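# Everything below, folded, please.
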Amino acid sequence: MSVVAIVGRPNVGKSTLFNRIIGKRKAIVEDVPGVTRDRNYEEVTRYQTPFTLIDTGGFEPISEERMLVQMREQSQLAIEEADVILFVLDAREGLTPSDQEVAGMLRRIKKPIFFVVNKVDGDRQEEEATEFYGLGIEEYFPVSAEHGRGISDLMDQVVGLLPPAFVDDPASGEVRLAVIGRPNVGKSSIVNKMLGYDRVVANPVAGTTRDSIDTPFVYNSKPYTLIDTAGIRRKGRVSQKLEKYSIIQALKGMDRAHVVLLVIDAEEGITEQDLTIAGYAFDRGRAIILVVNKWDTVIKDNHTLKKFTEEVRMQFKFLPFAPVMFVSALTGQRVAKIMDTVEDVAEHFNRKVSTAQLNQVMNAAELGHQPALYHGKRVKFFYITQTAVRPPTFTIFVNKEKGVHFSYRRYMANKIREPFKFTGCPIRINYRDRERR
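Okay, here's the model as predicted:
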């Protein structure tokens, strides 16, 4: 999926433009405890071609004297990571020296750049905005992010430049694997060790995304592809220096993946960044394995493993289904077992359960714990069927979808998971009103 980055000085309306493009979203009904909702990046699916939108302003520290440094860092980030750049300017403030400097930096790169002049709320501002031709540009887009003026014209142009979205084909049998995590947690060491084993036959080829190298390999006679091995090994200057920016590489890495290996540093412990990346993987319906690296450096006693596992489970409480592995890429300890776990998780990710089995489980769950009344009437569960894999997705037909309380939805999800495990996999359950005959 392509990445569109919004850059610009503070207070030019980057966040307002971000919210306008993603559209106002309804509150998420499913209550997922522990997920950090850092909304400066979002998957946008409301246009013809889906893309990931990033508000680089969401990453900027609050510091007046660092403004120009921040702008340079944002621009560098866009240069490294984005496919399309939206450079936002402020019509009310007019053209500033820092705008000119950043525009000069951006023009040197060979990527589509849209000069978006924001806060053009009427004809008078539109006339005054012509001063932005002083940037030496051929075209700019006058918009009002707050009122929606000019946004559709801008987005028609942006979406027209994006390549078609990647389409997954479950019939291919191939499992795509992404190794993600913060800088310096040992991602590339794990990748090198994994690809170095005798049972793994690797063959690097050019990938489908810009500057990425995907590595197809065979394990136990099954085809796998390690996504963007070049991106894991290549350390972008800004993405490396500014740890928060590494999340963008993680988003791109997991875009085409089925199974995500989230690498955590055993020395540093679990960070907010780890939780944010894991939350995004969960939102996207990816299968997840938590890999605690540098386990060899931890001073241990008889309780160390148990305590660390409990800490992982407490922090990642929204991923109770994810396997936790303790490895050392340096010594090779337990790295050989990663692919066995991937194989098991991938099998569950593609698992199809018969309708008869599902209805047996659902009926037993309903019998064991009746749903609450809705407007004085009992909510009836008619039947359940599996509608997709990757991730396992189910539809339950009821008489009143609105009457199924979120706590009962969680109860039903746990009951469906119990007999079938779905190791490492989030499951999705949709509720629908059965049509009256």
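
# Poorly predicted segments of this protein, please.
Low-confidence segments of the chain, defined by pLDDT under 70: 24-39, 57-75, 77-79, 166, 168-171, 197-213, 228-247, 249, 436-437.

# tell me the domain ranges of it?
Annotated domains of the chain cover 2-160, 170-349, 355-433 [automatic domain parsing].

# any chance you could map the helices in the protein?
Listed from the start of the chain, the chain has helices (DSSP state H) covering 14-22, 67-81, 97-107, 123-128, 151-160, 187-196, 229-233, 237-241, 246-254, 272-283, 304-315, 338-349, 355-368, 406-420.

# hmm, back to that, using TSV, lay out the domains of the chain together with mean neighbour count.
In this view, the C-beta of every residue, glycine as well, is placed from N, C-alpha and C. Listed next are the domains of the chain as TSV, based on neighbours: other C-beta atoms under 10 Å:
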stretch	mean neighbour count
domain 2-160	17
domain 170-349	18
domain 355-433	16
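
# Spit out the contact partners of the nearest residue to residue 150 once chain neighbours are set aside.
Once flanking residues are discounted, residue 150 sits nearest to residue 143: 3.7 Å by C-beta to C-beta, 6 or more residues apart in numbering. Taking C-beta atoms under 8 Å, 6 or more residues apart in numbering as the criterion, residue 143 is in contact with 17, 116, 117, 118, 120, 149, 150, 151, 154.

# quick check, nearest of those to residue 99?
Taking C-beta to C-beta as the measure, residue 99 lies nearest residue 117 of these, at 10.2 Å.

# Distance of the closest one relative to residue 177?
Here residue 117 is placed at a distance of 43 Å from residue 177 (C-beta to C-beta, to the nearest Å).

# In contact with residue 422, which residues?
Listed by C-beta under 8 Å, 6+ apart, the contact set of residue 422 reads 321, 348, 351, 392.

# gap between it and residue 429?
12 Å.

# Residue 84 too?
Residue 84 sits 35 Å away from residue 429 when distances are taken as C-beta to C-beta.

# One more: residue 19?
Counting by C-beta to C-beta, the gap between residue 19 and residue 429 amounts to 29 Å.

# Help me confirm that residue 425 comes into contact with residue 393.
No. Here residue 425 lies out of contact with residue 393, judged by C-beta atoms under 8 Å, at a distance of 10.4 Å.

# returning to what we had before: which one of the contacts of residue 143 is nearest to residue 275?
Nearest to residue 275, judged by C-beta to C-beta, of those is residue 17 at 27.0 Å.

# ok, the closest one - contacts?
With C-beta under 8 Å, 6+ apart as the criterion, the residues that contact residue 17 are 6, 55, 86, 88, 116, 118, 143, 145.

# cool, residue 265 as well?
182, 184, 185, 186, 293, 294.

# before we move on, the earlier item: from the contacts of residue 17, pick the one nearest residue 137.
Each of the contacts of residue 17 was checked against residue 137 using C-beta to C-beta; the closest is residue 116, at 11.3 Å.

# re earlier: out of the contacts of residue 422, give me the two with the largest separation.
Looking at the contacts of residue 422 by C-beta to C-beta, the two members farthest from one another are 321 and 351, with 12.8 Å of separation.

# Could I get the contacts of residue 17 in JSON lines, plus columns for distance to residue 418?
As requested, the contacts of residue 17 are arranged in JSON lines below (distance: C-beta to C-beta, whole Å):
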{"residue": "6", "distance to residue 418": "44"}
{"residue": "55", "distance to residue 418": "40"}
{"residue": "86", "distance to residue 418": "47"}
{"residue": "88", "distance to residue 418": "50"}
{"residue": "116", "distance to residue 418": "51"}
{"residue": "118", "distance to residue 418": "51"}
{"residue": "143", "distance to residue 418": "51"}
{"residue": "145", "distance to residue 418": "47"}
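
# Mind picking the two most distant members of the residues you listed?
Taking C-beta to C-beta as the measure, these reach their widest spread between 55 and 143, a distance of 15.3 Å.

# Relative to the whole chain's centre, how far out is stretch 357-367?
Relative to the chain's own centre, stretch 357-367 is displaced by 33 Å; criterion: C-alpha atoms, centre = their mean, to the nearest Å.

# Not counting its own residues, what contacts that stretch?
Contacts made with stretch 357-367 from outside it, assessed by C-beta under 8 Å, 6+ apart, are listed as 381, 383-386, 394, 396, 411-412, 415-416, 418-419.

# what do you get if the cut-off is 7 Å, keeping everything else the same?
381, 383, 384, 385, 386, 394, 396, 412, 415, 416, 419 (C-beta atoms under 7 Å, 6 or more residues apart in numbering).

# closest to residue 259 among those?
Nearest to residue 259 out of the contacts of stretch 357-367 is residue 386 (C-beta to C-beta; 19.6 Å).

# now the residue nearest to residue 351 when sequence neighbours are not counted: how far from residue 173?
Closest residue in space to residue 351, ignoring its immediate chain neighbours: residue 392 at 6.1 Å, by C-beta to C-beta, 6+ apart. Relative to residue 173, residue 392 is positioned 17 Å away (C-beta to C-beta).

# Sweet, I'm off.
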